[in-house]
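Engineer: the following comprises the amino acid sequence and a computationally predicted model.
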Amino acid sequence: MKNLIVANWKLNPSTQKEAKALFQAVKKKAKVKNVEVVICPPFAWLAEGRRQAAEGGFILGAQNCFFEEKGAFTGEISVLMLKDLKIDYVILGHSERRKYFNETDEIVNKKIKKVLSANLKPILCIGETDEERQAGKKSEVLEKQITGGLKGVLRENAKTVVIAYEPVWAIGTGNNCSVDETMSSVLFIRKIISKIYNREIADNMRILYGGSVKSENSGSYIKDAGANGLLVGGASLNAEEFIKIVKSAE
Ligand code: PGA
């Protein structure tokens, strides 16, 4: 199983020129043995990303998509459009979507099913807030987000799902989760997946860590915490730093 390093550019950069330069800088050096590199730019830069990805070096992903395929849904983007752009992965249920756009587990579940029906690979983001963690509710929250997000997803489709464990308190704070705590969360996530599906699917599912990943801490999540890759936000906007992270997953 290849390690998966996913760049989540969020609402950056602001110009096509900058996006193009960032794609180019990453592309040149992102080919690393045993690592799959996925870049998820904002929708506006997907077409530029498609041109660049065609030359190799990285795979293209999206940060979200809607659960209807077409029609009167102003401002949305569909799986058919993503498929036409040859997108492979779609991030779904990111905590920023849950927080600022009121995405519930039910909405995330509809999106996951739609993405799977188009043969794209969903990256289901889950993670507890600081409050939930302090209240000892982490396991409960993770279980609810996993079972809710994957409700009705068949075993054969579950194989293509990637889970990103991103503690909300660790995102964009510089306060990354410790290796020990990440390891126990990754094990817990596999236990839940095993309960829903079976041991084989749980063992083979790619589980990523995300939250203030930098080149100084990235390697340890893969070497010591049992994660199969990383979801990188802020640090993915700096090509040099991002490449270091990719290399740490070799
Ligand atoms: P961060 O973001 O690396 O900036 O903490 C991670 C994410 O939100 O996916």
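Structural biologist: It's in.
Engineer: quick check: phi and psi at the residue in the chain sticking out farthest from the centre.
Structural biologist: Distance to the chain centre peaks in the chain at Ala72, reaching 28.0 Å (criterion: Cα atoms, centre = their mean). Backbone torsions for Ala72, taken as degrees, to the nearest 10, come to phi -90, psi 80.
Engineer: kindly report the same for the one 4 residues further on.
Structural biologist: Its backbone dihedrals place Glu76 at phi -100, psi 170, with angles given as degrees, to the nearest 10.
Engineer: Asn64 is in contact with that one, correct?
Structural biologist: No. Taking contacts as Cβ atoms under 8 Å, Glu76 lies outside contact range of Asn64: 9.1 Å. In this view, the C-beta of every residue, glycine as well, is placed from N, C-alpha and C.
Engineer: neighbour-wise, which of those two wins?
Structural biologist: Asn64 (20 against 15; other Cβ atoms under 10 Å).
Engineer: so who does that one touch?
Structural biologist: Ile77, Val90, Ile91, Leu92, His94, Arg97, Lys111 (Cβ atoms under 8 Å, 6 or more residues apart in numbering).
Engineer: please, which helix or strand holds it?
Structural biologist: For Asn64, there is no helix or strand it lies in under DSSP states H and E.
Engineer: what bridges to the residue nearest to Leu4 when sequence neighbours are not counted?
Structural biologist: Excluding the flanking residues, the one nearest Leu4 by Cβ to Cβ, 6 or more residues apart in numbering is Gly229, at 3.4 Å. Residues in a beta bridge with Gly229, per DSSP bridges, are Leu4, Leu208.
Engineer: what is the neighbour count of the nearest residue to Asn198 once chain neighbours are set aside?
Structural biologist: Of all residues not flanking Asn198 in the chain, Arg155 sits nearest, at 7.4 Å (Cβ to Cβ, 6+ apart). When neighbours are counted by other Cβ under 10 Å, Arg155 registers 11.
Engineer: do the same with the one 4 residues further on
Structural biologist: Neighbours of Lys159 under the rule other Cβ under 10 Å: 13.
Engineer: can you pull the contacts of it?
Structural biologist: Lys159 touches Ile201, Asn204, Met205, counting by Cβ under 8 Å, 6+ apart.
Engineer: repeat that with 10 Å
Structural biologist: Applying Cβ atoms under 10 Å, 6 or more residues apart in numbering to Lys159 gives the contacts Lys121, Tyr197, Glu200, Ile201, Asn204, Met205.
Engineer: can you check Lys121 too?
Structural biologist: If a contact means Cβ under 10 Å, 6+ apart, then Lys121 has 4, 38, 59, 61, 87-90, 115, 159-162, 206 as its contacts.
Engineer: is it in a bridge, and if so with what?
Structural biologist: Tyr89.
Engineer: tell me the pLDDT of it.
Structural biologist: For Lys121, the model assigns a pLDDT of 98.
Engineer: count of neighbours near whichever residue of the chain sits closest to the ligand?
Structural biologist: Among all residues of the chain, Gly233 sits closest to the ligand, at 2.2 Å; criterion: Cβ to the nearest ligand atom. By the measure other Cβ under 10 Å, the count of residues near Gly233 is 21.
Engineer: now swap in Pro13 and tell me
Structural biologist: Neighbours around Pro13, by other Cβ under 10 Å: 16.
Engineer: contact partners for it?
Structural biologist: Pro13 touches Ala19, Lys20, Ala21, Leu22, Pro41, Pro42, Trp45, Leu237, counting by Cβ under 10 Å, 6+ apart.
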